[in-house]
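*Asks:* Build me a model from this:
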Amino acid sequence: MSQLRADLWFVFLSALWGSSFLVISDTLAGVDPFLLVAIRFILAAGLLALAFRRHLNQIEPEELYGGAVLGVSLALGFILQTIGIGGTTPTKAAFVTGLGSVLIPILSALWLKERPGLGAIIGVAVATVGLGFLTLREGFTYAPGDAWVLACTLPFAVYVVAVSYFTTRCHPLRLIVVQLAAAAVTSSIGVTAFGEWEFDFQREHGLAIAFLAMFPTALAFGIQPLIQRYTTPTHVAVILITEPMFAALFSWWFAGDLLTRRELLGCVLIVIGMILSEVRLWNKERDAHNNPVPSNIQRCSIPGCPPPRTQARDLKTK
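*Replies:* Numbering: from 1, shown residues only. Next comes the predicted model:
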């Protein structure tokens with residue numbers, strides 16, 4: 001596969017993740033948010049378990065542990081995000097979720113001992129200002145939905161940093177299936193504790209849940225580790241910045257969701273902060289070119305398995 005084709009696949013994935021915000025917003029009119037997340041992960045985990053069944057016969061303890069850590073953080077992120085989408089607009093939710101990318105360098109510094117670059121620090125500051133323009137109203141108040149979505153950025157950032165750690169030690173396809181299964185279990189516990197397992201089923205709700213499970217979750221998670229080896233971390237990071245832009249486009253086209261000038265300025269500042277937070281990748285890519293990762297630390301031998309450090313930074317889910 002050429003790099004151009006891989007990049008185009010990531011544009012497609014970014015569009016899928018962006019479209020999910022509007023679909024979730026419409027579905028929440030008749031489905032409990034905890035139940036929506038649980039069914040989404042149960043179906044997605046089942047689909048990928050079936051697709052990758054040949055790789056699941058030798059799951060190792062570290063893959064179970066890593067999948068559990070990733071699955072719990074993934075489920076928490078989606079639950080908080082889904083609750084928040086019910087109290088704000090899809091466009092706002094998408095751009096606030098994008099703030100998670102500027103937290104990743106900070107968490108990497110704490111967990112992986114990777115010192116954040118100047119670009120990452122400036123990116124956090126710029127994105128924070130953008131968040132204020134986007135969400136704060138008169139009297140410095142904010143919509144409850146925006147607060148829920150903002151809360152989801154922490155578990156999502158933890159998830160991405162944890163991926164950086166575990167994908168250098170685990171078989172990527174087994175790790176994906178285990179983490180989705182763990183997310184299904186975690187969100188199911190959430191339904192039992194805080195939601196309800198019954199809802200007024202309508203055809204459009206069933207189609208929406210099927211779409212969310214099959215495309216932005218199962219398909220996206222399934223093909224991302226297979227195509228990421230054919231492009232660079234910088235390309236992936238920059239392409240995925242378009243996700244909230246796709247969300248805004250779909251929300252405007254199908255729902256007439258428009259932003260005020262102040263909110264639009266906030267979105268622009270958040271995108272600038274996201275780009276600045278990726279500046280450190282450019283230097284790391286040059287370092288990786290001069291000092292490649294030894295092949296003996298990569299245990300995965302499946303076709304399409306990316307090198308350890310090229311896949312780790314940008315495995316994400318929406």
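
*Asks:* Where does pLDDT dip in the protein?
*Replies:* For the chain, the stretches with pLDDT under 70 are 111-116, 137-141, 233-234, 278-318.

*Asks:* Break down it into its strands, ranges please.
*Replies:* Assigned strands in the chain: none (criterion: DSSP state E).

*Asks:* How about the contacts made by residue 174?
*Replies:* 52, 55, 56, 58, 59, 60, 63, 67 (Cβ atoms under 8 Å, 6 or more residues apart in numbering). Where you see a C-beta, it was placed from the backbone N, CA and C, and this is true even at glycine.

*Asks:* and it, how far is that from residue 227?
*Replies:* 18 Å (Cβ to Cβ, to the nearest Å).

*Asks:* how about TSV for the contacts of residue 174, with distance to residue 236 added?
*Replies:* Below are the contacts of residue 174 laid out as TSV (distance: Cβ to Cβ, whole Å):
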residue	distance to residue 236
52	22
55	23
56	26
58	29
59	27
60	27
63	23
67	22
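
*Asks:* any idea which of those is closest to residue 125?
*Replies:* residue 67 (34.7 Å; Cβ to Cβ).

*Asks:* So for that closest one, what's the nearest residue that isn't a sequence neighbour?
*Replies:* residue 178 (2.7 Å; Cβ to Cβ, 6 or more residues apart in numbering).

*Asks:* Repeat that for residue 181.
*Replies:* The shortest distance from residue 181 to any non-neighbouring residue, by Cβ to Cβ, 6+ apart, is to residue 45 (4.5 Å).

*Asks:* Now for the one you found: which residues touch it?
*Replies:* Residue 45 makes contacts with 177, 180, 181, 183, 184, as judged by Cβ under 8 Å, 6+ apart.

*Asks:* go again using 6 Å as the cut-off
*Replies:* 180, 181, 184 (Cβ atoms under 6 Å, 6 or more residues apart in numbering).

*Asks:* quick one, what contacts the first one?
*Replies:* Contacts were defined as Cβ under 6 Å, 6+ apart; by that measure residue 180 touches 41, 44, 45.

*Asks:* Equivalent analysis for residue 43, please.
*Replies:* Residue 43 neighbours (Cβ under 6 Å, 6+ apart): residue 213.

*Asks:* let's see it at 10 Å
*Replies:* Contact analysis of residue 43 by Cβ atoms under 10 Å, 6 or more residues apart in numbering lists 180, 184, 209, 210, 212, 213, 214, 217, 218.

*Asks:* my read: the residue nearest to residue 67 touches residue 170, true?
*Replies:* Yes. Distance between residue 178 and residue 170: 8.6 Å, which falls inside the contact criterion (Cβ atoms under 10 Å).

*Asks:* Identify the residue nearest residue 64 in space, chain neighbours excluded?
*Replies:* Computed as Cβ to Cβ, 6+ apart, the closest residue to residue 64 that is not its neighbour in sequence is residue 178, at 6.1 Å.

*Asks:* For the one you found, give its distance to residue 187.
*Replies:* With the distance defined as Cβ to Cβ, residue 178 ends up 15 Å from residue 187.

*Asks:* who's more crowded, these two?
*Replies:* The residue with more neighbours, out of residue 178 and residue 187, is residue 187; 29 against 25, by other Cβ atoms under 10 Å.

*Asks:* The nearest residue to that one once chain neighbours are set aside and residue 191: what is the separation?
*Replies:* In space, and not counting its chain neighbours, residue 187 is closest to residue 38: 4.0 Å by Cβ to Cβ, 6+ apart. According to Cβ to Cβ, residue 38 stands 5 Å off from residue 191.

*Asks:* Can you give me the neighbour number for residue 32?
*Replies:* Look at residue 32: counted by other Cβ under 10 Å, it has 20 neighbours.

*Asks:* That one contacts residue 38, correct?
*Replies:* Yes. Shown here, residue 32 and residue 38 form a contact pair, counting by Cβ under 10 Å, at 9.1 Å.

*Asks:* what residues are shared contacts of the two?
*Replies:* 190, 191, 195, 197.

*Asks:* Run through the residues that contact the third one.
*Replies:* Residue 195 makes contacts with 31, 32, 33, 34, 35, 36, 37, 38, 79, 187, 188, as judged by Cβ under 10 Å, 6+ apart.

*Asks:* Distance to residue 110 added to these, as JSON lines?
*Replies:* Putting those into JSON lines (distance: Cβ to Cβ, whole Å) gives the following:
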{"residue": "31", "distance to residue 110": "36"}
{"residue": "32", "distance to residue 110": "34"}
{"residue": "33", "distance to residue 110": "30"}
{"residue": "34", "distance to residue 110": "30"}
{"residue": "35", "distance to residue 110": "34"}
{"residue": "36", "distance to residue 110": "32"}
{"residue": "37", "distance to residue 110": "27"}
{"residue": "38", "distance to residue 110": "30"}
{"residue": "79", "distance to residue 110": "24"}
{"residue": "187", "distance to residue 110": "26"}
{"residue": "188", "distance to residue 110": "30"}
